[in-house]
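S.K.: Curious how this folds, go ahead:
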Amino acid sequence: MATTGVLFKSSATSAGIACLFCAICFFALRLNIPWFRATQLNTIFGGYVGSWLFLMSLTAVSNIEMILFGADYQAKFIPEILFCITLATAASVMVHRVSATSCVLFSIITLYFVHGVSVKYYGKGLTTAEAISATKKGGNKKNK
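M.R.: Down below sits the predicted model:
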């Protein structure tokens, strides 16, 4: 029971901090639109800030779901990741269309590295689960 309480507190703290940074990224994009539109490099940097918005919103959503549905719950592509990337892209498109495009590209790169860290530290991942079930199924056929 104590482990669940610690998990709840750490997930709640992480979700709160991620929501705070998500709001900071959003307001940084909205309040500095003239600066982001000033040069091409600043416009691409606006997409980079949008990718941080994606990362923070994905972290917040994932931690809130871990609180609600348990510690083993994982973010899936269709509901959570697609929602967060749409949110970040919508915030970046308010700055510039190029910012939205670079936001999507930076977010995909960020998602690749987040998945790698998740598999490394937690041993979880869709590809890992599929590989284990395929190994078990293949092993049963060979043993018979």
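
S.K.: average pLDDT for the host helix or strand of residue 11?
M.R.: Applying DSSP states H and E as the criterion places residue 11 in helix 2-31. In this model, helix 2-31 has an average pLDDT of 86.

S.K.: Next secondary structure after it?
M.R.: Immediately after helix 2-31, counting by DSSP H and E, sits helix 33-38.

S.K.: tell me which residues in that next one are buried?
M.R.: residue 36 (16 or more other Cβ atoms under 10 Å). Where you see a C-beta, it was placed from the backbone N, CA and C, and this is true even at glycine.

S.K.: helices or strands up against that helix?
M.R.: Using 3 or more Cβ pairs under 8 Å, 6 or more residues apart in numbering; DSSP states H and E, the elements in contact with helix 33-38 are helix 40-69.

S.K.: contacting residues for residue 100?
M.R.: By Cβ atoms under 8 Å, 6 or more residues apart in numbering, the contact set of residue 100 is 47, 50, 89, 92, 93.

S.K.: Which pLDDT value belongs to it?
M.R.: For residue 100, pLDDT reads 98.

S.K.: Mind telling me what element it is part of?
M.R.: helix 97-122.

S.K.: buried set for that helix?
M.R.: Of the residues in helix 97-122, 98-104, 106-107, 110-111, 114, 118 count as buried by neighbour count, 16+ other Cβ under 10 Å.

S.K.: Quick one: work out the angle between that helix and helix 2-31.
M.R.: Relative orientation of helix 97-122 and helix 2-31, computed by axes from the mean of the first three to the mean of the last three Cα atoms, to 10 degrees: 170 degrees.
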